[in-house]
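>>> please work out how this folds:
(chains A, B, C and D)
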Protein chains: 2
Amino acid sequence: MNEPKKILIADDHKIFLDGLNLILNEINHIKIVAQASNGKEAVEAFKNIEIDIAIIDLNMNDFSGIDLISALKSIQPKCKIIVLSMVDDSSIIKSLLNNYIDAYVIKYGGKQELLEALHSIDQGIPYISPSINLNQLETEKKQSLNNGNIWIEKLTKREIEIIKLIALQMNSSQISEKLFLSYYTVKTHRKNILQKLELKNTAGLIEFANKNNLL
Amino acid sequence: MNEPKKILIADDHKIFLDGLNLILNEINHIKIVAQASNGKEAVEAFKNIEIDIAIIDLNMNDFSGIDLISALKSIQPKCKIIVLSMVDDSSIIKSLLNNYIDAYVIKYGGKQELLEALHSIDQGIPYISPSINLNQLETEKKQSLNNGNIWIEKLTKREIEIIKLIALQMNSSQISEKLFLSYYTVKTHRKNILQKLELKNTAGLIEFANKNNLL
DNA sequence: AGCACTATACCCCCAAAGTTGTATTTTTGT
DNA sequence: ACAAAAATACAACTTTGGGGGTATAGTGCT
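The predicted structure is shown next:
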């Protein structure tokens, strides 16, 4: 507890990174040792520097959320992870907290919440922003399609890849060409995706993907 | 140039507001006299306090962008406005700069860009983040679905109504029952919607609807 | 009164999506 | 090394979507 915690901060808004820097500089038992403005930089930093706590934004354009977290965890499993997000979808938060991360702080909250999160995980206690309950309007809207369930863990890399191409208005045969697959394989994947997520059709799939930031 | 500029900052992410505060505190010829975490607060502040420069985020949940700017301008026309945004849609930026605002700074850029913007408008010169050109990936991706055009104005009430039902995974015959229409009518509407928006299929439609907040 | 737009409705045809079922290979985790 | 999960591939069949037309009644604006 005597030497300062080594912190990495990652956010694709550099100006936010600058602000975060100043906020965290006010605390004396931590030290920012790395900054990243995208997922790739964060992974690089993890390979080179020992990190105690990573404060990351989920909505970065190169890595999609959970991919990044599991990548980081696989490099330095002991590192604590604080997710700083703009979204407050409670089903996402729950599954994240159970499996991967140590704190979830939304940006709607002030810096106080981030500091509390740091303090909390320092004692081994997971933290969720108290502000989240206040924003239930958003949450309820999303849960209508979420079925309140686990979702994303069920999807494989390949399936997510295909969802993204569907969202780009490609049909199954175009996707098969793009990925060097058989047309039948793509159809099988689509079938499995709809089944796993309990969705009725492509419209529902794209809606789901948007509400859950899969794209 | 002797007395400090009076600044208002507005952003719905309070933690960002905190960071911004610290960033701007490092400059000595300005002074933050008001903070707002939504559009309403910003308008209130404008009624009560004289503001020289307003630094605002466009994506706040109560006011939609241009509405807020014109509201503020109508209260204090002489006030300079810096928009701090996450989006870099060049068509929006152009129309904003011509008519309403004095600077457009994207959050992908660092604090340096914000400081440059402040300096620039101090001399009466409009400012746009130089980083914007670098992030053309995002822009292109969106324009492929936006067609860089007007879109929403083209859609009628009925069409938007139908889009919402499609997003709820209803098929044409279910929609026709729900709205007491003929199955053929619904099909016609769908056809017209895709044509107007120059989209290929339902996947593209739902994606478009999400990206443009039609739901 | 006239015109443009919207909403309504119908038809045909083909392509694509969705359903059900089977089956092999490859990758991954333990 | 073994088992589980994922990725691959195929077929037959039904339903839905999307493109091409055409047409008529209402609505709103000028």
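>>> for chain A, what helix or strand is lowest in average pLDDT?
Here the helix or strand of chain A ranked lowest by mean pLDDT, DSSP states H and E is helix A:136-146, holding a mean of 40.
>>> contacts for the very next helix or strand once past that one, please.
Later in the chain than helix A:136-146, the nearest helix or strand by DSSP states H and E is helix A:157-167. With CB atoms under 8 Å, 6 or more residues apart in numbering or on different chains as the test, helix A:157-167 has contacts from A:64, A:155, A:174-175, A:178-179, A:186, A:189-190, A:192-193, A:196, A:202, A:205-206, A:209, A:214-215, B:203-204, B:207. Placement of C-beta: from N, CA and C, glycine included.
>>> so which bits of stretch A:23-33 are buried?
If you call a residue buried by 16 or more other CB atoms under 10 Å in any protein chain shown, then stretch A:23-33 has these buried ones: A:23-24, A:30, A:32-33.
>>> swap in stretch A:193-207?
In stretch A:193-207, counting by 16+ other CB under 10 Å, buried: A:193-194, A:197, A:199, A:202-207.
>>> quick one: which of those is nearest DNA strand C?
When the buried residues of stretch A:193-207 are ranked by distance to DNA strand C (CB to the nearest atom of the strand), A:Thr202 comes first, at 3.7 Å.
>>> what does the model give that closest one for pLDDT?
A:Thr202 is assigned a predicted lDDT (pLDDT) of 96.
>>> need the contact partners of stretch A:38-48.
Here stretch A:38-48 has contacts from A:8, A:10, A:12, A:34-36, A:51, A:54, A:56, A:60-63, A:67-68, A:71-72, A:75-76, A:79, using CB under 8 Å, 6+ apart.
>>> are any of those buried, and if so which?
A:8, A:10, A:12, A:34-36, A:51, A:54, A:56, A:60, A:63, A:68, A:72, A:76, A:79.
>>> secondary structure element for A:Met170?
Residue-wise, A:Met170 maps onto no helix or strand under DSSP H and E.
>>> cool, A:Asn192 as well?
helix A:183-197.
>>> give the other helices and strands that the helix or strand following that helix contacts.
Counting by DSSP H and E, the next helix or strand C-terminal to helix A:183-197 is helix A:202-211. Judged by 3 or more CB pairs under 8 Å, 6 or more residues apart in numbering or on different chains; DSSP states H and E, the packing partners of helix A:202-211 are helix A:136-146, helix A:157-167, helix A:183-197, helix B:157-167, helix B:202-211.
>>> the fourth one near DNA strand C anywhere?
Yes - part of helix B:157-167 sits near DNA strand C under the criterion CB under 7 Å from any atom of the strand, namely B:157-159.
>>> in that helix, what's buried?
In helix B:157-167, counting by 16+ other CB under 10 Å, buried: B:159, B:162-163, B:165-167.
>>> quick check: residues of chain A near DNA strand D?
So chain A meets DNA strand D at A:156-159, A:179, A:181-185, A:187-189, A:201 (CB under 7 Å from any atom of the strand).
>>> chain neighbours aside, what residue packs nearest to the residue of chain A found nearest chain B?
Taking CB to the nearest CB, chain B has its nearest neighbour within chain A at A:Gly19, 1.7 Å off. The shortest distance from A:Gly19 to any non-neighbouring residue, by CB to CB, 6 or more residues apart in numbering or on different chains, is to B:Gly19 (1.7 Å).
>>> and the two most separated of the buried ones among the contacts of stretch A:38-48?
Using CB to CB, those span at most 21.2 Å, a distance reached by A:Asp12 and A:Gln76.
>>> and A:Ile160, how far is that from B:Asn210?
17 Å (CB to CB, to the nearest Å).
>>> re the thing from before, dump the residues of chain A next to DNA strand D to CSV, plus distance to A:Ala45.
Formatted as CSV, the residues of chain A next to DNA strand D follow (distance: CB to CB, whole Å):
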residue, distance to A:Ala45
A:Thr156, 27
A:Lys157, 23
A:Arg158, 28
A:Glu159, 29
A:Leu179, 31
A:Leu181, 35
A:Ser182, 40
A:Tyr183, 42
A:Tyr184, 42
A:Thr185, 37
A:Lys187, 41
A:Thr188, 39
A:His189, 34
A:Asn201, 42
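>>> top of those residues by neighbour count?
In terms of neighbours by other CB atoms under 10 Å in any protein chain shown, the residues of chain A next to DNA strand D top out with A:His189 at 22 neighbours.
>>> pLDDT score for that one?
For A:His189, the predicted pLDDT is 95.
>>> of all the residues in chain A, which one is nearest DNA strand C?
For chain A, CB to the nearest atom of the strand, closest residue to DNA strand C: A:Asn201, 3.1 Å.
>>> which ones are touching the residue lying closest to that residue once chain neighbours are set aside?
The shortest distance from A:Asn201 to any non-neighbouring residue, by CB to CB, 6+ apart, is to B:Gln169 (5.8 Å). Residues in contact with B:Gln169 (CB under 8 Å, 6+ apart) are A:199-201, A:203-204, A:207.
>>> filter the buried residues of stretch A:23-33 down to the ones in strands?
A:30, A:32-33 (DSSP state E).
>>> interface residues of chain A facing chain B?
A:12-23, A:37, A:61, A:84, A:86, A:105, A:107-111, A:113-114, A:166-169, A:171, A:199-207, A:210, A:215 (CB under 8 Å from any CB of the partner chain).
>>> at 6 Å instead, please
A:13-16, A:18-20, A:22-23, A:107-111, A:166-167, A:169, A:200-204, A:206-207, A:210 (CB under 6 Å from any CB of the partner chain).
>>> mind checking how far the spatially closest residue to A:Met170 that is not a sequence neighbour is from A:Ile69?
Using CB to CB, 6+ apart and skipping residues adjacent in sequence, the residue nearest A:Met170 is A:Lys178, 6.9 Å away. For A:Lys178, the distance to A:Ile69 (CB to CB) stands at 27 Å.
>>> looking at these two, which one has more neighbours?
A:Ile69 (21 against 14).
>>> can you add pLDDT and give the buried residues of helix B:157-167 back as CSV?
Formatted as CSV, the buried residues of helix B:157-167 follow (pLDDT from 0 to 100):
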residue, pLDDT
B:Glu159, 92
B:Ile162, 94
B:Ile163, 94
B:Leu165, 94
B:Ile166, 95
B:Ala167, 95
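>>> so which of the contacts of stretch A:38-48 belong to helices?
A:67-68, A:71-72, A:75 (DSSP state H).
>>> mind putting those in CSV, pLDDT and distance to A:Val43 included?
Putting these into CSV (pLDDT from 0 to 100; distance: CB to CB, whole Å) gives the following:
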residue, pLDDT, distance to A:Val43
A:Asp67, 69, 10
A:Leu68, 76, 8
A:Ala71, 79, 5
A:Leu72, 79, 7
A:Ile75, 81, 7
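>>> biggest separation within those, which pair?
Among the ones in helices among the contacts of stretch A:38-48, A:Asp67 and A:Ile75 lie farthest apart (CB to CB), at 13.1 Å.
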